[in-house]
Structures are given as structure tokens and as C-alpha cells.
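J.: coords please:
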Amino acid sequence: MLRAILRAATADSRTAPDRSIPAVIVSSKLSSSNYSSSTSTKSSLTKAKKSKQKAAAQSEEASAAAADDDFSDPLGDEAARNRRLAEDDKDPSLDVGPNGRALFTSATAISQLSRKDACGYMKFSTEALNEVLPEGLPAGMVKEFEDSRRCALLVRQSFLDLRDNFRRIVDPPLRPSDGKCPKVLKQIVLDGPVSCGKSIALAMLVHWARDEGWLVFYVPKGRDWTHGGFFYQNPETGFWDTPLQAANILQDFLKRNESHLKQLTCQISDPIPLGEGVGVGWMKGVDSMAMPEGSTLYDLVQMGIRHTHAAVGVVVRLRKELSLVKDIPVLIAVDQYNSWFTFSDYGEAVTVRSWRPIHAKELATVNAFRSMMHDDMMVGAFSHSTAVGKLRQELPDVPKDARINFPRYSFDEAATVSYYYLRQRLVRREVFSDENWKKVYYLSNGNGTEMRWLAPLMR
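T.: Below is the predicted model:
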């Protein structure tokens, strides 16, 4: 019996450790599983918070992108902006200017514009402008079209006054003036601050005159007459000839005026003096070229284009012929007119070590067209962006009362311009306000180029 009890005790002592070890293992497993479950719970909570924050950030970015989609940035996707502008053209309710007035005028021709159209925009087409002004468009006009994505120009009262001045010369009013109308000027020099619209006003005046059937000699870049190309001093005249520029002048003049020139007969029958040709020197034994009897101004211009020796002589003769035309009104319009009162790009060697700059008035072509001391209609516009210095108030060969100041944008014009830029999505609608556009106006002082540059920066 004792043996049985000992055997049972021995068996219990052997099996006891076997029961305790699994308990320890189970408890360790439970504790480790509890720790891992708590860790995984914390990490899942952290990931959930991060995912929520990321989702919130994405939603903010999406809303910002939606705002960008509604109000495009001109510095962003230009294709998207063009697409939205095309959609805006279908909604005429957007064509609203300050105080609820119409942003665009209903006039289809410059001759139809009146005072009620001032501070409104007139629509053009690029093809029509290039057809009427084949000599080239002003750089400021091209830049305005590119930035605004529309061929439209502001109708300014200062331009209407300029147009009406020349209209009264050709078509005087039936009733005598009662003193309220300004004095009529046949010769005008447009002066004023940089980027105030002188070149655009001159181009629009040429556009109007050609629509009216006038013969217009338009020089969009007067500086080109005094820079570049071949030059030499003509021993017969003492002036410096530039035959390459002269040929370009005649080609530009022929582009739009061919039909008029074919109908106008030359009034001067004297031979055309010849000079040195570009790269070919002088003609041997010939110093002039006769004009056949009954020649037209078209024949005269063609002679200068075909024969490089006669180009300068034809330009000088053409200026005299234009003064004798009586059948149709003649207008001479010169942009960058101030470049004809400074030194040219050419020079003359005086000694081995000295060099004399040649003044623009010493060039034969400039000397023929620069003077305003005549009875012909002529307009010159200063270009301060290409100026090399400030000219004195009284210019030689220019009437004292011919120089007028062309103004910057007025307050009302600046308001229309600001609403136009809003319409063309240069400005975001969410940031546009009367206070903001007034800040742009006062900051730029009415400078058109600066207003166009500052408008997208409204915040």
C-alpha cells in the first residue's frame, strides 16, 4: 500500500511541472498577444488620422483647382483659358462694363464712332487690320491683342478729337464755328508719356482715312529710315543716300495704295536723278532717268523699285508729287517721328582716328519728308521707347502750335479697361473689386502697359 502511495506521489511530482509550464507559456502568449493588439490599434488610429488629414488636404487642393478652373490664371494653362473665353463669348451677359454700361460698342466702322462710344471697346479682325495696315501694326497694339486674347481696342475721346480734326479739314461744317470747336490743325505732332497710346491712335487714324478713300503715306517705323542698310554721300546733292531703305519705303507705299496710284498722273516731268546702286555702284554714262509722258504715280514708284539707282530719287520726287495731288485727300502719317530729329546710325570718317555721326536731317529721304512747313495734312507721333534723348519744345521745320500732348488713361477709361481685362480673364473675378482696380490705376498713373501688367497681380 505504501508502495502504491509513493508511486502515486512520484507520478504527481513528475506531472506537476508538466502542467505549470503550459500555464506560463499560455500567459506569456496572452500577454504578447495583448501587447501586439494594442500596438496595432494605435498604429491603425494613427494611419486613420493621417488618411483623414490627407483626404482633407486633397479636398482643399481640389477646391483650389476648381477655383482655378473657374477663374483662370493668365500665366497658367493658356489653352484652358482660350477654351473658357470661347465659352464666355456665348454669354452676352458678361459684356458689361462699369456702372452696367455695355462693354463693346455696336459701331462696325471707325467713321461711325461718336462721343457716346467713348470708353467702350470696338472689335476688329486680324485679317482686316493686316489688309488695311499692310505696313505693319504698332507693337503696343499687337501686345494688347496677345495678352487680352481678343482683337479689340478702346475708343478714346482723344482719338475721336484727332479724327474729327482732319474730318473738318476735308468736310468743313456747313454752319460757321461759334468758337466752341477747337482750332483745326493740318500738321500735328503727337507727344506724351510713354505707353499712352500715340502709336495706336495714329494707326487708327490711318485706318479711318483709308476707309474714307484717302491716299495715305504711312510710316509705322520712322527709325528704320535712319538705321541699317547701305549709305553713301551723293556728290550732286550733298545729302546721304540710303537706297535700300528707299526701296523698302516704296514697296510699303505700294501695298495699300496701288489702285489710287494708277489713277493719279505725275505732275512733274523732270528726269529722275540717279545715284549709286546697292552693291553695283554707279551707272556708267547715265546720271538721270526720264519719265515717259503720261506716267502715273504707280509708274513712278515702280521705277524706284525696279532700279536701285533711282530709289532715293523716286522717294524725293514722290514727296513733291504728293503735294500736288488734288483729286483725293492725302495724309502723311509718321510714327517714331522724333527719330528724325536726332543722330542716325551712320557716321563719316573725318580723320584716321575721328568719326562724325550723321544727323537724320542729312539723309535725303528724311530731309524730303520731315518738314511740316507746308499746307499738306501730316501727323507725326513721338515714340519714347525708341528715343535717345529729350527734344526741345520747339522743333525745327515744325509749326509752333503743332505739338500736342496725348493723355494717359483717364479715370473712366481705366475703369473700362479694368472691366475689359476682367471679361478677358486677365483678372480673377473673386479678387476683382473697385478698390483693387483703382489701386492698379493709381499705381500705374494711367499707363496702359503697366495696367495690363499689374491687372493679373490683383489679390
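
J.: Show me what the helix or strand harbouring Val142 packs onto, helices and strands only.
T.: Secondary-structure element containing Val142, defined by DSSP states H and E: helix 139-148. When contacts are defined as 3 or more Cβ pairs under 8 Å, 6 or more residues apart in numbering; DSSP states H and E, helix 139-148 sits against helix 198-211, helix 448-454. All C-beta spots, glycine's among them, are computed from the backbone N, C-alpha and C.

J.: Of these, flag the one that's most buried.
T.: Neighbour counts averaged per stretch over these are highest for helix 198-211, at a mean of 23; criterion: mean count of other Cβ atoms under 10 Å.

J.: hang on, the earlier thing: would you put the C-alpha positions of the helix holding Val142 in PDB?
T.: Extracted as PDB, the C-alpha positions of helix 139-148 are listed here (Å, rounded to 0.1, in the frame of the first residue of the first chain):
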ATOM      1  CA  ALA A 139       4.000  96.800 -81.200                       C
ATOM      2  CA  GLY A 140       1.700  98.000 -78.400                       C
ATOM      3  CA  MET A 141      -1.400  97.000 -80.400                       C
ATOM      4  CA  VAL A 142       0.000  93.500 -81.100                       C
ATOM      5  CA  LYS A 143       0.900  93.100 -77.400                       C
ATOM      6  CA  GLU A 144      -2.600  94.100 -76.300                       C
ATOM      7  CA  PHE A 145      -4.200  91.600 -78.700                       C
ATOM      8  CA  GLU A 146      -1.900  88.800 -77.400                       C
ATOM      9  CA  ASP A 147      -2.500  89.400 -73.700                       C
ATOM     10  CA  SER A 148      -6.200  90.000 -73.900                       C
END
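
J.: so after it, what's the next helix or strand?
T.: Proceeding C-terminally, helix 139-148 gives way to strand 152-155 as the next helix or strand, assigned by DSSP H and E.

J.: that older thread, hey, least reliable of the helices and strands packed on helix 139-148 by pLDDT?
T.: Per-segment mean pLDDT for the helices and strands packed on helix 139-148 reaches its minimum on helix 448-454, at a mean of 94.

J.: and for that one, what are the contacting residues?
T.: The set of residues external to helix 448-454 that reach it, using Cβ atoms under 8 Å, 6 or more residues apart in numbering, is 140, 143-144, 147-148, 194-197, 408-409, 414, 417-418, 421, 426, 440-441, 443-444.

J.: With stretch 405-414 instead?
T.: 98, 119, 154, 156, 158, 190-193, 196-198, 201, 417, 437, 440-441, 445-448, 451.

J.: Which among the residues you listed count as buried?
T.: A residue is treated as buried here by neighbour count (16 or more other Cβ atoms under 10 Å); on that basis the buried members of the contacts of stretch 405-414 are 98, 119, 154, 156, 158, 190-192, 196-198, 201, 417, 437, 440-441, 446-448, 451.

J.: For the stretch 301-450 of the chain, give me the ranges with low pLDDT.
T.: Along the stretch 301-450 of the chain, segments meeting pLDDT under 70 span 387-389.

J.: Show me where the stretch 351-459 of the chain has its strands.
T.: 355-359, 377-381, 403-405 (DSSP state E, counting those that start in this stretch).

J.: err, the stretch 101-250 of the chain, not the other one
T.: Counting by DSSP E, counting those that start in this stretch, the segments of the stretch 101-250 of the chain that form strands are 120-123, 152-155, 187-191, 215-219, 232-233, 240-241.

J.: partner strands of the fifth one, parallel or antiparallel?
T.: The pairing partners recorded for strand 232-233 under DSSP bridges are strand 240-241 (antiparallel).

J.: Pull the distance from the partner strand to the chain's centre.
T.: 33 Å (Cα atoms, centre = their mean, to the nearest Å).

J.: average pLDDT for that strand?
T.: When pLDDT is averaged over strand 240-241, the result is 96.

J.: residues making contact with it?
T.: Contacts for strand 240-241 (Cβ under 8 Å, 6+ apart): 231-234, 275-276, 312, 346, 358, 362-364.

J.: Please pick the buried ones from those.
T.: Once neighbours are counted (16+ other Cβ under 10 Å), the buried part of the contacts of strand 240-241 comes down to 231, 234, 275-276, 312, 346, 358, 362-364.
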